[in-house]
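# no FASTA, just this:
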């Protein structure tokens, strides 16, 4: 698929797109204030593939607001005074990322390493706080973005198809947007990890007072899993989540935060175990997770009865089949299908059917093939977020043992893929 470089793909482009959205939203607040009184809501957001506009409300009035929104986007010119205000707010928010809790840094590093392309928050901060980030550059970016825009419109609810098509044409006319072929989807993709070659990421807290360390151990199933694979992963997660909490949190008392569940990174899916701990360093937490996975396979999966498995399957399927309570809940999964370019409009129904049809032996086979320590298709990334105290202790142990500990910083996700355990990280997609 074609990936357009204008909305994102670099720190400069990502920062400017985010600032454009902030300034647009600020500029539109007053002229569109009456929308709320008419039972309408609107929002704008930056997306790696472009700009996302959402309008919700009564079908009789929605086309008018949506069309008005498109015209105002087309006519918008950034203000230098307001630019400096929002640039300072964004810079401050990016600066504050360094004091996020360790678990956030551990998860961020995994997302950054497995998303292609992805912009590290430190790179974004460096650009946003530099003299190069100015209103003149934003004006150039805005013009380039307008020239690159195409329209992908999703209309859901009480709106006839002809009206939806007419609304799409109105947006195209306002933005002078070109038509692109269906395979031109300017969206990030997930990196497929190599089997049997674990990727290790490392981060050290900037705050000396931070007493916690954290880990995310992510076992990737597939870059684009089939319905059957995703159904089995949901089932396995349902069985594993309570067992992980009981063993790692209740019995081992490794930390207040212990989670195990399905992790989505773009279209990819996998199983993640996360721990934030004040009593154990990340390498020891990793050993504890590996020991639990071994025990989970040997005891829980091996001893899982058909009756217990049927109860797990019924719970997962029922959750997938639960009808949405609002129009937004109904539309959100459909929009996800568009964003991930799957276009499986009955995806949840397919998953529920696959869950009900899955035999117990299938999740055992999935675990043995993909997640066990000796699994032939094991694709693992493990992210260590150290407190300064744990990092100092690790360095002292390494020196005593004749080794060394390498540090890493911004953008280290790519280096980690090449350098293995010596690499490091932190991150954030804007």
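Sure thing, it's come through. Since we're looking at a predicted model, the values are computed, not measured.

# Report whether residue 261 is found in a strand, as I expect.
Yes. Residue 261: assigned to a strand according to DSSP: H, G, I helix; E, B strand; the rest coil.

# who's in contact with it?
By Cβ atoms under 8 Å, 6 or more residues apart in numbering, the contact list for residue 261 reads 237, 241, 271-272. Every residue, glycine included, has its C-beta placed from N, CA and C.

# Over to residue 43?
Shown in contact with residue 43 (Cβ under 8 Å, 6+ apart): 25, 53-54.

# do the same with residue 91
125, 128-129.

# quick one: which helix or strand includes it?
Residue 91 belongs to helix 80-95 when assigned by DSSP states H and E.

# what distance separates that helix from the middle of the whole chain?
In terms of Cα atoms, centre = their mean, to the nearest Å, the centre of helix 80-95 is found 24 Å from the chain centre.

# Then stretch 206-226?
Mean-position distance between stretch 206-226 and its chain equals 12 Å (Cα atoms, centre = their mean).

# Mind jotting down where the strands sit in the stretch 101-250 of the chain?
115-116, 189-190, 199-204, 213-222 (DSSP state E, counting those that start in this stretch).

# would you turn these into a markdown table with mean pLDDT and mean neighbour count?
Listed next are the strands of the stretch 101-250 of the chain as a markdown table, based on pLDDT from 0 to 100; neighbours: other Cβ atoms under 10 Å:
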| stretch | mean pLDDT | mean neighbour count |
| --- | --- | --- |
| strand 115-116 | 90 | 17 |
| strand 189-190 | 88 | 20 |
| strand 199-204 | 98 | 26 |
| strand 213-222 | 98 | 26 |
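
# how about CSV for those strands, with distance to residue 67 added?
Listed next are the strands of the stretch 101-250 of the chain as CSV, based on distance: least, Cβ to Cβ, whole Å:
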stretch, distance to residue 67
strand 115-116, 34
strand 189-190, 33
strand 199-204, 46
strand 213-222, 41
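
# now for the ones you listed, which one comes closest to residue 336?
Nearest of those to residue 336, taken as Cβ to Cβ: strand 189-190 at 14.4 Å.

# Give the pairing partners of that closest one; include direction for each.
Next to strand 189-190 in the sheet, as set by DSSP bridges, lie strand 115-116 (antiparallel).

# roughly how far out does the partner strand sit from the chain middle?
10 Å.

# residue boundaries of the helices in the stretch 1-150 of the chain?
11-28, 62-75, 80-95, 102-114, 121-128, 135-148 (DSSP state H, counting those that start in this stretch).

# Between those, which one is closest to residue 266.
Closest to residue 266 of these, according to Cβ to Cβ: helix 102-114, at 7.8 Å.

# Now do the buried residues in that closest one.
102-114 (16 or more other Cβ atoms under 10 Å).

# what residues are up against the residue nearest the centre of the chain?
Residue closest to the mean C-alpha point of the chain, counted by Cα atoms, centre = their mean, is residue 265 at 5.2 Å. By Cβ under 8 Å, 6+ apart, residue 265 lies in contact with 110-111, 114-115, 190.

# beta partners for it?
Here residue 265, judged by DSSP bridges, has bridge partners residue 268.

# Next, find the distance separating it from residue 174.
Relative to residue 174, residue 265 is positioned 34 Å away (Cβ to Cβ, to the nearest Å).

# And for residue 146?
10 Å.

# now swap in residue 13 and tell me
Residue 13 sits 23 Å away from residue 174, going by Cβ to Cβ.

# From the neighbour counts alone, determine which of the two ranks first.
For the pair residue 13 and residue 174, the greater number of neighbours falls to residue 13 (21 against 18), based on other Cβ atoms under 10 Å.

# what about the stretch 151-300 of the chain, any weak spots by pLDDT?
For the stretch 151-300 of the chain, applying pLDDT under 70 flags the ranges 179-186.

# What segments of it are helices?
161-175, 227-244, 282-295.

# Tell me where the stretch 301-430 of the chain is predicted with low confidence.
Along the stretch 301-430 of the chain, the parts satisfying pLDDT under 70 run over 403-430.

# now the helices for it?
Secondary structure of the stretch 301-430 of the chain (DSSP H, counting those that start in this stretch): helices located at 302-303, 306-321, 327-339, 347-357, 360-366, 388-400, 412-419.

# Which among the ones you listed is found nearest to residue 382?
helix 412-419 (10.3 Å).

# who's in contact with the closest residue in space to residue 31 that isn't next to it in sequence?
Of all residues not flanking residue 31 in the chain, residue 72 sits nearest, at 7.1 Å (Cβ to Cβ, 6 or more residues apart in numbering). Contacts for residue 72 were tallied using Cβ under 8 Å, 6+ apart; they are 24, 27-28, 31-32.

# Can you report how many residues lie near residue 381?
If you count neighbours by other Cβ under 10 Å, residue 381 ends up with 25.

# looking at the sheet around it, what are its partners?
Note on residue 381: beta-bridge partners by DSSP bridges are residue 199, residue 218.

# from what I can see it touches residue 192, true?
No. With contact defined as Cβ atoms under 8 Å, residue 381 does not reach residue 192; the gap is 11.4 Å.

# Show me whatever sits in contact with both of those two.
Residues touching both residue 381 and residue 192 (Cβ under 8 Å, 6+ apart): residue 220.

# Distance of the residue lying closest to residue 206 once chain neighbours are set aside relative to residue 210?
Among residues not flanking residue 206 along the chain, residue 98 sits closest, at 4.6 Å (Cβ to Cβ, 6+ apart). Taking Cβ to Cβ as the measure, residue 98 and residue 210 are separated by 11 Å.
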